Every structure is written in C-alpha cells, then in structure tokens.
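**Q** Here's my sequence, what's the structure:
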Amino acid sequence: MEDLGEGADEYELEVDAERGVLLRVEARLNGLPFSILEAVRITFDEPISPETFTFEAPSGQAVQQIHGSGRSEFDLPIHEAVRRSPFGIFIPARVPDDWTLRVTFVEGMERPDIPTSVVVSYRSRDATAGLMIIETAHDGPLDVAEGPDTPAAEEIFRNGQRMHARARTSEWGESQITLTQDLTTIVMSSRELDVDALATLASSLVPAPEEPPRFD
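**A** Here you go, the predicted model:
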C-alpha cells in the first residue's frame, strides 16, 4: 500500500464502475487527506496501431536480451546494498526515531541507459513525513524528473557542501536536493520536508555501515 499512501487509516477510492479501473485514491489519517493519486486524463476503446507492438532496433544496433539486468531487489539490509554497490552509499547521520527504513537495489542496464542505483527510503510511522534518497555512480545519468513545470535548480551551500536545490511548488510536488559526495551522485526528495530540512539532512550524510548490527 506504500504507493497509495502508507500509514493511512482510511482510503477513499474512485473507480470506473463499468470497467473496474481505479481513477483516484485519497489516503487519510485521522480524517485528513495526506496523499492523493488520480488520473488526469484517460482514454478507453481507441484503436491501437499494430505497429505499436512491433519492435525495430535502432540503425546499427543489435537486439539485446534483458535477462539478469534491470532487476530490483527490495527490502535489502543496508549493509548488503553497500557490499554489492560499485559506489559508496550514504545515509543521514541521524533521523527521527519513528522513521522506518527500506532499501532497494536496482541493477543497471545498457539499453535503455539505466544506471545501477540504490534507493534508500525513510517514512515516519504515522505517514506524515518521508524521505527518498537515490544514489548512483558519479558518472551515471541523474535520476531527476524533468518537465515543463520543473522549477529551476538553485545552487546552495550547507556546512561547506555544494548542492542544487528545487523547492516544492503547486506544480512541482516535492522538495529536492542534488549533490555529489566522493564518487556518488545523490538525489534527495520529499513531499513533506522543505529544502532547508533536506539540506540539513544532506549535510549530515555519512557512509552507510558495511557490517550488520551487533547485539552484545
């Protein structure tokens, strides 16, 4: 239920009764909505050209198999992701005690150009705050959404660390910080935290542990 609003105690669904298609989900906590996903435009019963399902490789390119590539492994222990990653993994030195952690390892592909990446996700237990950190090799493509409503990135510094920040707007639904630490490119984003809070967390990043926790 994470994509629908994890932590909600109530969901309101809007469904196309004729086709059974989910059109809108509103996640609520204590009677108040905190996450809304909805279809802005949808089309049914339009014919699709047969050519849509016929693949032709680009000129001079051979068809490649994708088996063994592009796979995502969910809920890895952080030390396992560190051991498998070809680049360093960084996490905030401290987060609130009620935040839970999920780690996803994404194996890269040559085509389409998908870099190996590690996604570190935090979420408060009451679903009122969340943080996503996407980490890739410094020379890989950035995993940053771009669009006509994307605000311009502003260069900022926090504790001597150079970063680029995008503030949340009515058209752009999340705050975002991008920075490079050692040889790792890091994109931090949140729908609830503002740029100042993200920059504070970004300035506290430390290498993730390489060993499992010990309980003596």
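
**Q** contacting residues for the residue nearest the centre of the chain?
**A** When CA atoms, centre = their mean is applied to the chain, the residue found nearest the centroid is Met132 (5.3 Å). Met132 makes contact with 119-122, 188-190, according to CB atoms under 8 Å, 6 or more residues apart in numbering. From N, CA and C alone the C-beta is placed, and that goes for glycine too.

**Q** For this protein, which segments are assigned as helices?
**A** For the chain, the helices defined by DSSP state H cover 2-5, 78-84, 195-202.

**Q** Would you mind finding the most buried of those helices?
**A** Highest mean neighbour count among the helices of the chain (mean count of other CB atoms under 10 Å): helix 195-202, with a mean of 19.

**Q** Could you name the helices and strands sitting against it?
**A** Packed against helix 195-202 by the contact rule (3 or more CB pairs under 8 Å, 6 or more residues apart in numbering; DSSP states H and E) you find strand 154-158, strand 161-166, strand 175-181, strand 184-190.

**Q** closest to Arg24 out of the ones you listed?
**A** strand 184-190 (23.0 Å; CB to CB).

**Q** tell me the mean pLDDT over the closest one?
**A** Throughout strand 184-190, pLDDT has a mean value of 94.

**Q** So what touches that strand?
**A** With contact meaning CB under 8 Å, 6+ apart, strand 184-190 is reached by 87-90, 129-138, 140, 142-144, 174-180, 197-198, 201-202, 205.

**Q** roughly how far is it from the heart of the chain?
**A** Offset of strand 184-190 from its chain centre (CA atoms, centre = their mean, to the nearest Å): 9 Å.

**Q** ok, now stretch 178-186?
**A** That offset, for stretch 178-186, works out to 16 Å (CA atoms, centre = their mean).

**Q** how about it: buried residues?
**A** 178-179, 181, 184-186 (16 or more other CB atoms under 10 Å).

**Q** repeat for stretch 26-36
**A** 26-29, 34-35.

**Q** low-scoring pLDDT stretches of the protein, where are they?
**A** 1-3, 64-70, 110-113, 140-148, 216 (pLDDT under 70).
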